[in-house]
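Enquirer: Just need the structure, nothing else, for what follows:
(chains A and B)
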Amino acid sequence: QQPVQSPQAVILREGEDAVINCSSSKALYSVHWYRQKHGEAPVFLMILLKGGEQKGHEKISASFNEKKQQSSLYLTASQLSYSGTYFCGTEGGYNKLIFGAGTRLAVHP
Amino acid sequence: GAVVSQHPSRVICKSGTSVKIECRSLDFQATTMFWYRQFPKQSLMLMATSNEGSKATYEQGVEKDKFLINHASLTLSTLTVTSAHPEDSSFYICSASQLAGGGETQYFGPGTRLLVL
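Expert: Have a look, this model is predicted:
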């Protein structure tokens, strides 16, 4: 079942922060986050595993709460390069990923 | 590391012809490869899962005879769109799976934009 992402779209000015949420109706063991720029393939950002961990990647970090069956991606002090569509992926069995509908992020000067 | 290539990047073909798309993991051996289709401003739709030496597993609603998948080695998978029609026009992306960061991570190829006239 497809995870639900919110919000659908975000518009930021450079330096502002944003949070993107990903929730699932079923138990999760891991959540994968990707960013896709227009016309390009998705780029892997990070994977979060069961255990409520939080990970960081430069000014992009994420948390995973398996009890709530949700993950959040935190974008801090956004840069123009952060623009794109962010997808979360959850397991669909046999190493498959089921992707959310995506959150479009636009960062303006 | 974890580089996946895809060829061709763009292809235009006439209706009724077949098109082959190659997906290669360049610096690692992939446990599994996946094929996705993506329409403009939409999410990635998984078409099939491909394992070396075995038949691909197709998602519900994906025609096996239309989208032929061959997984010749641990670094190469091919998708052939047979008897292509305009409605097959789309962005096709492959990914290769590798154990990383404590879990199986998928690394995507650059995608192939198919236009069927």
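Enquirer: mind saving the C-alpha coords of the helix or strand harbouring A:Phe44 as CSV?
Expert: According to DSSP states H and E, A:Phe44 maps onto strand A:43-49. Presented in CSV, the C-alpha positions along strand A:43-49 are these (Å, rounded to 0.1, in the frame of the first residue of the first chain):
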residue,chain,number,x,y,z
VAL,A,43,18.9,10.2,-6.0
PHE,A,44,19.2,8.2,-2.8
LEU,A,45,19.4,10.4,0.3
MET,A,46,19.2,8.0,3.2
ILE,A,47,17.7,4.9,4.7
LEU,A,48,16.3,4.7,8.2
LEU,A,49,15.8,1.4,9.9
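Enquirer: which residues sit in contact with the residue in chain A that chain B sits nearest to?
Expert: Shortest chain A-to-chain B distance, computed as CB to the nearest CB: residue-wise this is A:Ala41, at 4.1 Å. All C-beta atoms are positioned from the backbone trio N, CA, C, and that covers glycine. Shown in contact with A:Ala41 (CB atoms under 8 Å, 6 or more residues apart in numbering or on different chains): B:6, B:93, B:108-111.
Enquirer: can you tell me which residues contact B:Met45?
Expert: Neighbours of B:Met45 in contact, by CB under 8 Å, 6+ apart: B:36-39, B:59.
Enquirer: same thing but 10 Å
Expert: The contact partners of B:Met45, taken as CB atoms under 10 Å, 6 or more residues apart in numbering or on different chains, are A:2, A:98-99, B:35-39, B:59, B:61-62, B:90, B:93.
Enquirer: Tell me the confidence at it?
Expert: Listed pLDDT for B:Met45 reads 94.
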